[in-house]
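Trainee: 3D, please:
(one chain, ligands or ions: 1)
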Amino acid sequence: MKPSKRLDLIPPYLFAELERKVAAKRAAGVDVISLGIGDPDRPTPALIVEAMQEAVSERETHQYPSNRGRPDFRAAVSDFYARRFDVELDPATEVMPAIGAKECIFNLNLAFLDPGDAALSADPGYPVYTGGPLLAGADPVLMPLLREHDFTPDLMAISDKDRDRAKLMFFNYPNNPTGAVVRPGFFEDVVDYCRATNILAVHDNAYSETTYDGYRAPSFLATPGAKEVGVEVFSWSKGYNMTGWRCAAIVGNAAAIDAYWKLKTNIDSGLFEAIQLAGIAALSPDADGDVKEMNALYARRRDLVVDALRAIGVDVKPPKGTIYIWAPVPAGFDSAAAYCEHVLEEAGVVISPGGAYGPNGEGFFRISLTTPDDRLLEAVQRLGRLAG
Ligand SMILES: Cc1ncc(COP(=O)(O)O)c(C=O)c1O
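Mentor: Presented below is the predicted three-dimensional model:
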């Protein structure tokens, strides 16, 4: 048996590697607390679960879905975008379901990139922005997100050569892993840049509903001209505690969505219709209270972690969005990986090394807030004892 050479191009998926390490520790009897993966610990809101229960008992949902999606799903996304983001979408051509944002982002690479092409990928960034281009036979070109630039890429720093072979640009605010929100004017810069270069802008909007301190994250598509140059990938996973459900949508440029559709008809058979119906329920104003409640819980956890880190001398800012704290590695460690290894070995706490999200993540670590309060408190106390 000989897997393809393509597989040798990508490192093992970060969380697969972490899961293996944690399983080994637990098997050895260590009480490991994982603050690694961003997977909400609270249940999916009852109104969504109930909509799913009803939908799954309807036989009309049991057959192959169409890849274009149910008309009522597309209409619900369009209504939500109008209500939430003040963005107008044609449900017939500018909305399509996806089997999670991960599937969508990966498949956009296959739909748009040929060998020799490039994708401009935020660094640090969600690993699929680099793994996707590589698996498509193309090259990721990294756009550094630096703390001193509010974790915003400098589009003018992209070389002419890279610009000319790039066909996609991946960016994401509120941002994983840095927790940064979009810098005013950046989306406008992306529209100008992509218009001038014919690059498809792909805004990964996985965290728009998870924000704090009164901040409301905008849609990229609310930027004038954005729909001409780009798409946005919206996910139900984080905002509605639905990571296991695999519910997302691509919205925006109709020609780009059409290319994605053409690819997908050859790869998968669409999003289970019962999940589309549950997704509709999530987007109704009736679910707003659940989202608010979750955000209040994360804000409390965020403050708990930020205070604990500051108490041990870590210079960290409370993020306005996402479920992550991004913090500099304390002095005395060669790399983020070395620090995370130390924390796992000595405190039994899993945190993610920044370098796993790209070279510019080096020197940072990421803590996810998706762990029950008592365990999170125990974890930060262990970090405190380790430092003290
Ligand atoms: C930035 C970003 N995009 C996409 C995803 C994946 O979302 P989904 O569960 O919809 O595939 C994640 C998950 O962690 C993420 O952090």
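
Trainee: the helices in the stretch 201-350 of the chain, which residues?
Mentor: 226-229, 254-264, 273-283, 288-311, 336-347 (DSSP state H, counting those that start in this stretch).

Trainee: which bits of the stretch 151-300 of the chain sit near the ligand?
Mentor: 172, 176, 204, 206, 235, 237, 243, 248 (C-beta under 6 Å from any ligand atom). Quick note: C-beta positions are derived from backbone N, CA and C, even for glycine.

Trainee: and those, which two are the farthest apart?
Mentor: Asn172 and Thr243 (16.5 Å; C-beta to C-beta).

Trainee: between those two, which has more neighbouring residues?
Mentor: Asn172 (26 against 18; other C-beta atoms under 10 Å).

Trainee: can you tell me the closest non-neighbouring residue to that one?
Mentor: Asp204 (3.9 Å; C-beta to C-beta, 6 or more residues apart in numbering).

Trainee: got TSV for the helices of the stretch 201-350 of the chain, with mean neighbour count, mean pLDDT and distance to Leu134 too?
Mentor: Formatted as TSV, the helices of the stretch 201-350 of the chain follow (neighbours: other C-beta atoms under 10 Å; pLDDT from 0 to 100; distance: least, C-beta to C-beta, whole Å):
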stretch	mean neighbour count	mean pLDDT	distance to Leu134
helix 226-229	21	98	24
helix 254-264	17	98	17
helix 273-283	23	98	29
helix 288-311	17	96	33
helix 336-347	18	91	21
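
Trainee: can you redo those helices as TSV with distance to Val22?
Mentor: Shown next, in TSV, are these (distance: least, C-beta to C-beta, whole Å):
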stretch	distance to Val22
helix 226-229	40
helix 254-264	34
helix 273-283	29
helix 288-311	19
helix 336-347	8
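
Trainee: am I right that Tyr64 is in a strand?
Mentor: No - per DSSP: H, G, I helix; E, B strand; the rest coil, Tyr64 lies outside any strand segment and is coil.

Trainee: what sits against it?
Mentor: 269-270 (C-beta atoms under 8 Å, 6 or more residues apart in numbering).

Trainee: how much space separates it from the ligand?
Mentor: From Tyr64 across to the ligand, the span is 21 Å (C-beta to the nearest ligand atom, to the nearest Å).

Trainee: also Ala28?
Mentor: For Ala28, the distance to the ligand - C-beta to the nearest ligand atom - is 28 Å.

Trainee: which outside residues touch stretch 36-44?
Mentor: So stretch 36-44 is in contact with 15, 18, 22, 49, 176, 237-238, 240-243, 245, 294, 297, 322-324, 350-352, 368, 370-372, going by C-beta under 8 Å, 6+ apart.

Trainee: before we move on, back to that, any idea what the residue nearest to Asn172 is bridged to?
Mentor: Val233 (DSSP bridges).

Trainee: for burial, what's the neighbour tally of it?
Mentor: Neighbours around Asp204, by other C-beta under 10 Å: 27.

Trainee: these two touch, right, it and Asn175?
Mentor: No - using C-beta atoms under 8 Å, Asp204 makes no contact with Asn175, being 9.1 Å away.

Trainee: check what pLDDT the residue nearest to Asn172 gets.
Mentor: Asp204 carries a pLDDT value of 98.

Trainee: list the contacts of it.
Mentor: Asp204 neighbours (C-beta under 8 Å, 6+ apart): 101, 105, 126, 129, 170-172, 232-233.

Trainee: now intersect the residues you listed with the helices, please.
Mentor: 101, 105, 129 (DSSP state H).

Trainee: between those residues, which has the most around it?
Mentor: Among those, the one with the most neighbours (other C-beta under 10 Å) is Tyr129, at 29 neighbours.

Trainee: next one: it from Asp204, what distance?
Mentor: 8 Å (C-beta to C-beta, to the nearest Å).

Trainee: now the common contact residues for these two.
Mentor: By C-beta under 8 Å, 6+ apart, the residues touching both Tyr129 and Asp204 are 105, 170.

Trainee: only the buried residues of stretch 154-170, if you could.
Mentor: Using 16 or more other C-beta atoms under 10 Å as the test for burial, stretch 154-170 gives 155, 158, 163, 165-170.

Trainee: closest one to the ligand out of those residues, please.
Mentor: Distances from the ligand to these, taken as C-beta to the nearest ligand atom, are shortest for Phe170 (9.2 Å).

Trainee: name whatever forms a beta bridge with that closest one.
Mentor: With DSSP bridges as the rule, Phe170 is bridged to Ser121, Val202.

Trainee: any stretches of the protein with poor pLDDT?
Mentor: Along the chain, the model assigns pLDDT under 70 to residues 13-15.

Trainee: make it 50
Mentor: Scanning the chain for pLDDT under 50 picks out nothing.
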